[in-house]
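>>> the following block contains a protein sequence and its predicted model.
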Amino acid sequence: MTARRWTFPLFIVAVIAVLAVLPLTSRDYSVEIYILLLINVILVVSYRIPATTGDWALSHVVLMGCGAYTTALLSKWYDLSIFLTVPLSAVIAGIVGLILVTPLVRTRGFGFFIASFALGEFVRLIWIKFRYPFGGPRGMIGIPNGEIGQIDFFEPLPYYYFVLVVALISLFIMYRIDRSRIGKTFVALYKDEGLAEAVGIDVPRYRAMAFTIGAFFAGIAGSLLAHRLGAVDPKNFDINVMVYLIIWIVVGGTATIWGPIMGLVAMTVVFEWSRPLLEWRPLLFGGTLIFFLVFLPGGLEDLFFRIRDRITGKRSGGGTV
Amino acid sequence: MEIGLLIQTIANSIAAGSIYAVIAVGLAMAFGVMKMANFAHGEFFMCGAYVVYVFYALLGWPFPAAVLMSIPIVGAMGVVTERLIFRPTRSNVLAGFMATAGLAFVLQVLVGQMWGVGLMRSVPTPYMGAADIAGAKIGWQRVLVIPAAIVMLSALWFFLYRVKHGKALRACAQDPDTARLQGIGINRMTMLAMGISGASAGLAGALLAPIHPVTPYMGHGVILTAFIVVVMGGMESIAGAVLAAILLGFVHTFVTTLSDAVTAQMVGVACMAAVLVVRPQGLLGRVKA
């Protein structure tokens, strides 16, 4: 037990150290990929929060889009600093999430999945329909990259460190939520909804809470993305992108906070590696999704736990959600 | 709205409703038997259109023969999907649904690589000209869809209510365990359901190929509409799907005529969300015991 108490913080420190040093030795192109990777880490981990309650949604990238559009509007028209646009985008995405989830909690399982698709698509169609202020089907361009004092975030390196800090803070908060009583309640009401209700847990309220927290952090990811790309486009938040998010989650697993991150990193490596096979990439990803759902429903995480348990010869909890 | 435009719009609505019905019935049927939610249903529709493209536009077969070819070909794809995806994930509806989302990607790439991605494939219209109904003009190809839909739905009804295998299929949808006790093979029934489901999607795509832009991504626009119809109808109710298809045909066509296509989509999506929240069992769905 003592060994474990030390290995975990050491592991975290080592990861942070690697993340801090890595971009210094990389080309600009690689740094851009690391930035997108960190933004996507916030996105996948935030998706996991409602997923632990059993609510797999198809509206998550749209909520990320809410953050991106909020940032686009605030920084373009009101020229707000990046210190304001990121939290405000998160709050707006959280509010939109709360509005969406209020009718959604009446549905469960497959109904939730489809209904969240419908409501997400509704929000996305609003962006397409209203040329003012959302820019219509072609979205918005010319969003400032943001800056702190003299440091211009147009350069990849400073922006990388900014995203790294935001991502670490977000992950820390989500990790604490996962470990807290609230996080345990989320899992409990997935494992046995009737029992959870019987011991006095207000199930719809907790499900709404999980969804709203997820939306809040998706908003942060969206805001960081909008500042980096300098543009938002309704196509960036459509069902295709959502399927890629599902692929990351399914490949990784959802039992712990590490699962989605594992899936994301693995699939990003595959994504970069398959650059020469551009046209065949959806086939590769679609095939991977089918493979994991059919043969490895617990994801890489489950595989990792099983291998570790085989090596150490002990049985610790690494169940699948 | 003047009378000519009104008749035109009503006629267009009926045509659109028939198309939605043919597409959605297969989806509802697969969901009714063992909860198979097929995200790749739109891609089956696309494959049906490509069957017509290959046999009619490239090989020069007569149009009706090319349309009929879509039934065995896309039906077989449905059977294979059941065997390879839905059967292993039977315990989890979401897993099957997400896996078929992967299948949608796979089919898009395969078709795109075989027949090209960029330009849409043009399929010449076999039936030129337009019907003149009280001043409203509707292309023959569009009119053709209405009797085709009626024939297909009647055939399906006959199969489900008068043929032994169809009755077995309904029994399986009502209560799989009891059906199994009566000696009905569940695996055979789910394969049959997916076969019919795929065939109907393929047939719809085949009929529409001359009037719909044929691209590897044409299934995308269809799948949303199909799910709206099926959810509104009550997921597993075939009659509900037909009713919802006609309703949505009218809603979409009228809103598109009076406003624009994006607003029509928004109204459709809002209808579906409202049904799910207010009446989750759908318009004609049964309440689960």
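Nice, thanks for sending it over. Owing to the predicted nature of the structure, the values given are computational and were not obtained by experimental measurement.
>>> how about the helices in the chain?
Assuming you mean chain A. A:2-21, A:28-52, A:60-77, A:82-104, A:110-129, A:131-134, A:156-179, A:181-191, A:193-198, A:203-229, A:239-252, A:258-273, A:281-295, A:299-312 (DSSP state H).
>>> that's the wrong chain, I meant chain B
Applying DSSP H to chain B gives helices spanning B:3-32, B:41-52, B:63-81, B:93-115, B:140-162, B:164-174, B:176-181, B:186-208, B:218-233, B:238-258, B:261-278.
>>> can you add mean neighbour count, distance to A:Ala226 and mean pLDDT and give these back as CSV?
Every residue, glycine included, has its C-beta placed from N, CA and C. CSV is the format used below for these (neighbours: other CB atoms under 10 Å in any protein chain shown; distance: least, CB to CB, whole Å; pLDDT from 0 to 100):
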stretch, mean neighbour count, distance to A:Ala226, mean pLDDT
helix B:3-32, 23, 36, 87
helix B:41-52, 29, 30, 93
helix B:63-81, 20, 38, 93
helix B:93-115, 22, 26, 91
helix B:140-162, 16, 43, 87
helix B:164-174, 17, 47, 88
helix B:176-181, 13, 48, 88
helix B:186-208, 26, 38, 91
helix B:218-233, 25, 25, 86
helix B:238-258, 21, 31, 90
helix B:261-278, 19, 22, 86
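>>> in CSV: these, plus distance to A:Ala255.
Shown next, in CSV, are the helices of chain B (distance: least, CB to CB, whole Å):
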stretch, distance to A:Ala255
helix B:3-32, 29
helix B:41-52, 31
helix B:63-81, 28
helix B:93-115, 15
helix B:140-162, 42
helix B:164-174, 34
helix B:176-181, 30
helix B:186-208, 30
helix B:218-233, 29
helix B:238-258, 37
helix B:261-278, 29
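>>> out of these, which comes closest to chain A?
Checking those against chain A by CB to the nearest CB gives helix B:93-115 as the closest, at 3.1 Å.
>>> next, the angle from the closest one to helix B:3-32.
Per axes from the mean of the first three to the mean of the last three CA atoms, to 10 degrees, the angle that helix B:93-115 makes with helix B:3-32 is 120 degrees.
>>> quick one: contacts for A:Leu296?
Shown in contact with A:Leu296 (CB atoms under 8 Å, 6 or more residues apart in numbering or on different chains): A:Asp302, A:Leu303.
>>> what distance do you get for A:Leu80 to B:Val106?
Using CB to CB, to the nearest Å, A:Leu80 is found at 44 Å from B:Val106.
>>> before we move on, back to that, which of the helices of chain A has the lowest average pLDDT?
Mean pLDDT is lowest for helix A:2-21 out of the helices of chain A, coming in at a mean of 83.
>>> list the contacts of that helix.
The contact list for helix A:2-21 (CB under 8 Å, 6+ apart) reads A:Tyr161, A:Leu164, A:Leu168.
>>> and the residues you listed, which are buried?
A:Leu164, A:Leu168 (16 or more other CB atoms under 10 Å in any protein chain shown).
>>> ok, so of the contacts of helix A:2-21, who is nearest chain B?
A:Leu168 (30.1 Å).
>>> number of residues surrounding the spatially closest residue to the closest one that is not a sequence neighbour?
Spatial nearest neighbour of A:Leu168, excluding adjacent residues (CB to CB, 6 or more residues apart in numbering or on different chains): A:Ile16 at 7.0 Å. By the measure other CB atoms under 10 Å in any protein chain shown, the count of residues near A:Ile16 is 12.
>>> among the helices of chain A, which is the most enclosed?
Highest mean neighbour count of the helices of chain A: helix A:60-77, a mean of 27 (counted as mean count of other CB atoms under 10 Å in any protein chain shown).
>>> helix A:203-229 and that one, what's the angle between them?
If you take the same axes, to 10 degrees, helix A:60-77 sits at 50 degrees to helix A:203-229.
>>> can you pull the pLDDT of B:Ala37?
pLDDT recorded at B:Ala37 is 89.
>>> next, count neighbours for it.
Here the count is done by other CB under 10 Å, and B:Ala37 has 21 residues near it.
>>> contacting residues around it?
A:Phe110, B:Ala30, B:Phe31, B:Val93, B:Gly96, B:Phe97, B:Thr100.
>>> isn't B:Phe128 up against B:Trp140?
Actually, residue B:128 is Met. It isn't Phe. Yes. Contact criterion CB atoms under 8 Å: B:Met128 and B:Trp140 qualify, at 7.1 Å.
>>> show the contacting residues for residue 126.
In the absence of a named chain, chain A is used. A:Phe134, B:Met266.
>>> switch to chain B, please.
By CB under 8 Å, 6+ apart, the neighbours of B:Pro126 are B:Tyr56, B:Phe63, B:Gln141, B:Pro210.
>>> mind running it again at 10 Å?
By CB atoms under 10 Å, 6 or more residues apart in numbering or on different chains, the contact list for B:Pro126 reads B:Val52, B:Tyr56, B:Pro62, B:Phe63, B:Pro64, B:Ala66, B:Val67, B:Trp140, B:Gln141, B:Leu144, B:Ala209, B:Pro210.
>>> near chain A, list only the ones from these.
Counting by CB under 10 Å from any CB of the partner chain, nothing from the contacts of B:Pro126 sits close to chain A.
>>> flag every residue of the stretch 101-250 of chain A that's near chain B.
Residues of the stretch 101-250 of chain A lying near chain B by CB under 10 Å from any CB: A:102-126, A:128-130, A:136-137, A:238-240, A:242-244, A:246-247, A:249-250.
>>> could you rerun that using 6 Å?
A:103, A:106-107, A:110-111, A:114-115, A:118-119, A:121-122, A:125, A:128-129, A:243, A:246 (CB under 6 Å from any CB of the partner chain).
>>> farthest-separated two in those?
Farthest pair in these (CB to CB) is A:Phe110 and A:Lys129. Separation: 28.4 Å.
>>> how does chain A divide into domains?
If you go by automatic domain parsing, the domain ranges for chain A are A:31-237, A:239-316.
>>> need those in CSV with distance to B:Val262, can you?
Compiled in CSV, those are given as follows (distance: least, CB to CB, whole Å):
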stretch, distance to B:Val262
domain A:31-237, 5
domain A:239-316, 16
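>>> the ones you listed: which one's closest to B:Met36?
Smallest distance to B:Met36 across the domains of chain A (CB to CB): 11.1 Å, for domain A:31-237.
>>> the closest one: end-to-end distance?
23 Å (CA to CA, to the nearest Å).
>>> surely A:Gly253 meets A:Gly299?
Yes. Between A:Gly253 and A:Gly299 there is a contact under CB atoms under 6 Å: 2.7 Å.
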